[in-house]
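*Asks:* Here is my input; please provide its structure:
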Amino acid sequence: MASDITIYGLRSERFGCERSTVTGALGVFASVDATCTRFNASSPLMKANAHPDRWHRVPPVLFQAVVAAHRAHQQTRGWFDPRVLGDLIRLGYDWSLPFGDGEVVTAGRAVVRRQLGSWRPRFHGGRHPEMHLGGLPIDLGGIGKGLAVRWAAEQLDGAIDSYLIDAGGDCVCRGWGPEGDGWRIGIEDPRGGQGPIAVLELRDMACATSSIRVRHWRSGERTVHHLVDPRTGSPGGSGLIAVTVVATDPADAEVLSKTLFLHGRDGIAGAAARRNAAAMWVDADGGIGETRRLSHHVLWRAA
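*Replies:* Below you'll find the model as predicted:
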């Protein structure tokens with residue numbers, strides 16, 4: 001998932017922080033990554049993607065992930081759509097690009113494509129779940145990390161009263177935190193500043209950030225990024241650098257941060273208000289905006 005995974009837990013008199021519990025939670029990330037990655041041709045996801053017009057018997061983790069992705073597609077009225085895999089490949093993002101090694105250049109090509117329409121995968125649950133992707137291959141990178149955080153938290157719930165899972169910007173915070181008034185989460189400055197732009201204080205909440213600070217590259221003659229607008233097949237979010245969302249569920253926060261980003265600098269305030277979102281965003285000129293619903297989570301803001 002190209003992220004360090006860290007779990008912080010506080011001991012209590014009633015529950016012990018068992019090593020096996022934490023190990024099991026960390027194992028969720030390895031399982032989701034191995035099952036749902038698009039960067040390994042032998043992963044269960046890519047085997048299904050090879051024939052998206054057929055039924056496939058798949059591992060429960062992949063089945064649950066695609067069900068969750070389809071629900072997110074419906075709830076966002078198509079703003080979240082994992083069928084952008086072909087668009088990412090056309091932009092040159094067909095392998096795990098070395099974003100940490102300096103400027104990345106690919107031989108991507110611009111293609112005008114038709115609008116995708118509604119996504120209609122089909123599912124057969126049960127002991128040996130099966131699914132049909134609906135005709136086009138998919139990328140679960142827009143929800144997979146949030147789902148892994150959700151499922152890892154389920155491993156810890158009931159065993160640890162107060163904990164924080166940090167998966168490279170996707171977090172879930174349970175309990176009172178080390179200071180007794182919630183966990184404190186810094187929102188990174190996407191412009192590269194040394195300090196955060198704000199500090200959140202969260203208890204029994206999750207947060208996620210969608211940013212193009214790292215995942216941008218040169219594709220042919222243009223600069224692109226990984227947050228693709230499913231309506232056009234091109235990178236979206238004109239004028240924005242990053243969006244952070246606070247929600248009760250980490251997968252919901254991840255999906256919402258991405259869909260809000262796609263509305264761009266001119267549309268994000270209205271989109272966030274319509275969704276009653278707790279959100280903060282940074283635009284390309286360094287401007288910072290936030291919704292009223294986020295304000296009661298903010299402990300500190302940069303001057």
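*Asks:* in what helix or strand does residue 165 lie?
*Replies:* Following DSSP states H and E, one finds residue 165 within strand 162-167.
*Asks:* and that strand, which strands flank it?
*Replies:* Strand 162-167 has its sheet partners listed here by DSSP bridges as strand 5-10 (antiparallel), strand 170-174 (antiparallel).
*Asks:* Could you list the residues in contact with that strand?
*Replies:* Identification of contacts with strand 162-167 by C-beta atoms under 8 Å, 6 or more residues apart in numbering yields 1, 3-10, 12, 25, 29, 145, 148-149, 152-153, 156, 171-177, 183. Backbone N, C-alpha and C define where each C-beta goes, glycine included.
*Asks:* ok, now with 6 Å
*Replies:* Identification of contacts with strand 162-167 by C-beta atoms under 6 Å, 6 or more residues apart in numbering yields 3, 5-10, 145, 149, 152, 156, 172-176, 183.
*Asks:* Is it possible to mark the buried ones in these?
*Replies:* Among the contacts of strand 162-167, those scoring as buried are 5, 7, 9-10, 145, 149, 152, 156, 172-176, 183 (criterion: 16 or more other C-beta atoms under 10 Å).
*Asks:* ranges for the strands of the stretch 201-303 of the chain?
*Replies:* 205-211, 216-219, 222-225, 228-229, 234-235, 240-247, 278-283, 288-290, 298-301 (DSSP state E, counting those that start in this stretch).
*Asks:* would you list the ones you listed in CSV and tack on mean neighbour count and distance to residue 261?
*Replies:* CSV is the format used below for the strands of the stretch 201-303 of the chain (neighbours: other C-beta atoms under 10 Å; distance: least, C-beta to C-beta, whole Å):
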stretch, mean neighbour count, distance to residue 261
strand 205-211, 25, 5
strand 216-219, 19, 13
strand 222-225, 16, 10
strand 228-229, 24, 10
strand 234-235, 19, 10
strand 240-247, 25, 5
strand 278-283, 25, 8
strand 288-290, 17, 13
strand 298-301, 14, 20
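*Asks:* Out of the ones you listed, flag the one nearest residue 81.
*Replies:* Judged by C-beta to C-beta, the one of the strands of the stretch 201-303 of the chain that comes nearest to residue 81 is strand 228-229, at 8.8 Å.
*Asks:* Show me what that closest one is packed up against.
*Replies:* Using 3 or more C-beta pairs under 6 Å, 6 or more residues apart in numbering; DSSP states H and E as the contact test, no helix or strand touches strand 228-229.
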